[in-house]
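>>> Sequence first, predicted model second:
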Amino acid sequence: MTIRNSGANAPIPNISHWQDRVDMAAAFRWTARLNMHEGVANHFSQAVNEDGTRFLINPNKKHFSRVRASDLLEIDANDPTTLDRPDAPDPTAWGLHGSIHRRVPHARCAMHVHSTFATVLASLADSRLLPVDQNSAMFFNRIIIDEHYGGLALEEEGERCAQMFEDPAKKVMVMGNHGVLVIGENAAETFDRMYYFERAVETYIRALSTGQPLRVLSDEIAEKTASELDAYPDTAGDHLGELKAILDAEGSDYAT
């Protein structure tokens, strides 16, 4: 995947994984702009070592709209003293993202939000996303539905959720009664997937709200569409690159 560099800001000396940090910071800023944030809660993480156990994550209690590349914490999923650090992450960030990066090596990046439409879907007794348009077809047979919410995503709940990511083809978890968790290779891919999932669910929820019968695609066409999109030339890097270009043009400090 090609991710366009932010041209405006050079790396700060002695801070590692600079481009990963810049991309993550841009994703935080744009998620806030889309009103998909949850105040000073919710977290994004990005693995930075080969086995995925060291990862970047947003600092505790900092609003998505103010996260900068240099703010991101680097922590070790195998270090039990992490919550004793003076700059310790939020306990639910450690519980959920620590478990993901400890147990799911193909989840290089993880983004968890309580975005409005995904959370509405997670609140329904039937949390399936039916393929009613091209965007929703993108996720056909590619979603995990967690029906056993167990409270805050502390370590026990985080471990339970991580264990559900066994199938590498399924990169979105509808967390019943909670929100959504999206995984991917990097910030660009994961943000793009999260963005289109929220768009797809918005269309689906609005269609349900009309009370009219839905025109649901056949399984055959839904799978064909999803497979075609899986194989489509990558656009996620270009998507994030354009968002960074907009932030740069506005003079944003995200890449500092």
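Now that the structure is in, tell me what you want to look at. Numbers count the residues shown, from 1 in each chain.
>>> quick one, helices of the stretch 151-256 of the chain?
155-162, 187-209, 219-230, 236-249 (DSSP state H, counting those that start in this stretch).
>>> tell me what the shortest one is packed against?
To tie it back to what came earlier, the one meant is helix 155-162. Here helix 155-162 is seen to pack against helix 91-103 when contacts are counted using 3 or more CB pairs under 8 Å, 6 or more residues apart in numbering; DSSP states H and E. Using the backbone N, CA and C atoms, a C-beta is placed for each residue, glycine as well.
>>> repeat for the longest one
Helix 187-209 is packed against helix 18-33, strand 43-47, strand 109-113, helix 116-123, helix 134-137, strand 179-184, helix 236-249, with contacts defined by 3+ CB pairs under 8 Å, 6+ apart.
>>> Check the offset of the third one from the chain's centre.
Averaging C-alpha coordinates over strand 109-113 and over its chain gives two centres that are 3 Å apart (CA atoms, centre = their mean, to the nearest Å).
>>> Which strands or helices does it pack on?
Contact here means 3+ CB pairs under 8 Å, 6+ apart; on that basis strand 109-113 packs against helix 18-33, strand 43-47, helix 91-103, strand 179-184, helix 187-209.
>>> from the ones you listed, which stretch is densest packed?
The highest mean neighbour count among those belongs to strand 43-47 (a mean of 27), with neighbours defined as mean count of other CB atoms under 10 Å.
>>> Direction included, what does the helix or strand following that strand pair up with?
Along the chain past strand 43-47, the next helix or strand (assigned with DSSP states H and E) turns out to be strand 54-57. When sheet partners are counted by DSSP bridges, strand 54-57 sits next to strand 43-47 (antiparallel), strand 73-76 (antiparallel).
>>> Pull the first one out as PDB, backbone CA atoms only.
Taking C-alpha atoms only, strand 43-47 is exported to PDB below (Å, rounded to 0.1, in the frame of the first residue of the first chain):
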ATOM      1  CA  HIS A  43      -8.500   4.500  21.000                       C
ATOM      2  CA  PHE A  44      -6.400   3.700  17.900                       C
ATOM      3  CA  SER A  45      -3.200   1.700  17.900                       C
ATOM      4  CA  GLN A  46      -0.500   0.700  15.400                       C
ATOM      5  CA  ALA A  47       2.000  -2.100  15.800                       C
END
